[in-house]
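**Q** below is the structure, and that's it, no one-letter string:
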């Protein structure tokens with residue numbers, strides 16, 4: 001049975017990063033600059049059909065970038081010597097990816113959104129108190145569901161699975177490993193916070209190391225680690 005160890009995941013990310021540090025730094029800078037340029041064109045308010053069209057185009061581009069980062073991390077994991085920036089161009093499963101993002105969003109955040117919406121209504125005090133208390137298990141559910149579904153989009157980018165099948169596969173491979181995935185997520189968040197504190201320069205290291213660590217966890221649990 002494949003398993004993961006947090007230290008091993010992070011160590012793999014770091015050791016892989018060290019093989020081509022300048023390439024990874026350049027990739028992060030390019031993605032950040034491009035994303036920043038897109039944000040500059042994003043309208044603050046949708047006041048016309050043209051604003052709506054522009055917002056939709058920018059959203060599509062951002063999703064393609066997100067898919068590209070997953071594809072890039074997986075290729076870097078499998079063959080760091082041969083990975084190139086062009087490996088980020090993987091739009092083939094775009095609509096499957098979008099469907100999976102919508103479904104996983106509903107599954108993870110759905111209860112919180114519903115409870116939050118009901119809290120906004122004027123109701124009796126007892127109902128408001130009950131709903132507020134229910135936010136705690138809803139938040140726990142969001143975290144646990146998020147960990148169970150963390151690799152759904154990876155299965156789509158990597159194997160071109162359908163959204164439902166990808167979700168089922170993610171639930172299957174993460175079963176019994178979600179506590180380790182939770183610790184890994186916390187560790188990577190802390191590493192990126194430290195990277196941001198280091199005058200943002202540290203993010204040039206922490207971001208690719210994090211992407212590679214998660215890719216290694218996916219490969220290990222899906223049974224395709226090197």
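**A** Sure thing, it's come through. Everything numeric in this text was worked out from a predicted model, so none of it was measured.
**Q** just the element for residue 122, please.
**A** Here residue 122 sits in a region with no helix or strand, counting by DSSP states H and E.
**Q** which one's the longest helix in the protein?
**A** The helix that spans the most residues within the chain, counting by DSSP state H, is helix 49-78.
**Q** who are the packing partners of whichever helix or strand comes after that one?
**A** Per DSSP H and E, the first helix or strand lying C-terminal to helix 49-78 is helix 94-119. Applying 3 or more Cβ pairs under 8 Å, 6 or more residues apart in numbering; DSSP states H and E, we find helix 94-119 packed against helix 49-78, helix 125-148, helix 152-159, helix 163-174. Bear in mind the C-beta positions are built from the backbone N, C-alpha and C, glycine included.
**Q** let's go with 6 Å and repeat that
**A** Helix 94-119 is packed against helix 125-148, helix 152-159, helix 163-174, with contacts defined by 3 or more Cβ pairs under 6 Å, 6 or more residues apart in numbering; DSSP states H and E.
**Q** pick the most buried one from those.
**A** helix 152-159 (a mean of 23; mean count of other Cβ atoms under 10 Å).
**Q** on contacts alone, who are the packing partners of that one?
**A** Here helix 152-159 touches helix 49-78, helix 94-119, helix 163-174, going by 3+ Cβ pairs under 6 Å, 6+ apart.
**Q** how about the secondary structure of the spatially most central residue of the chain?
**A** For the chain, residue 150 is the residue whose C-alpha lies nearest the centre (Cα atoms, centre = their mean; 7.2 Å). Recorded secondary structure, residue 150: coil (DSSP: H, G, I helix; E, B strand; the rest coil).
**Q** what's it in contact with, if anything?
**A** With contact set as Cβ atoms under 6 Å, 6 or more residues apart in numbering, residue 150 has no partners.
**Q** measure it to residue 70 for me?
**A** Remark: distance between residue 150 and residue 70 (Cβ to Cβ, to the nearest Å) = 11 Å.
**Q** relative to residue 20, how far out is the residue of the chain most remote from its centre?
**A** Each residue of the chain has a distance to the centre, and by Cα atoms, centre = their mean the biggest one is for residue 124: 38.8 Å. From residue 124 across to residue 20, the span is 61 Å (Cβ to Cβ).
**Q** just checking, what packs against the helix-or-strand element of the chain with minimal mean pLDDT?
**A** Least confident helix or strand, the chain: helix 125-148 with a mean of 88, by mean pLDDT, DSSP states H and E. When contacts are defined as 3+ Cβ pairs under 6 Å, 6+ apart, helix 125-148 sits against helix 94-119, helix 178-197.
**Q** with respect to residue 48, which of the ones you listed lies nearest?
**A** Proximity to residue 48 (Cβ to Cβ) singles out helix 94-119 among these, at 24.5 Å.
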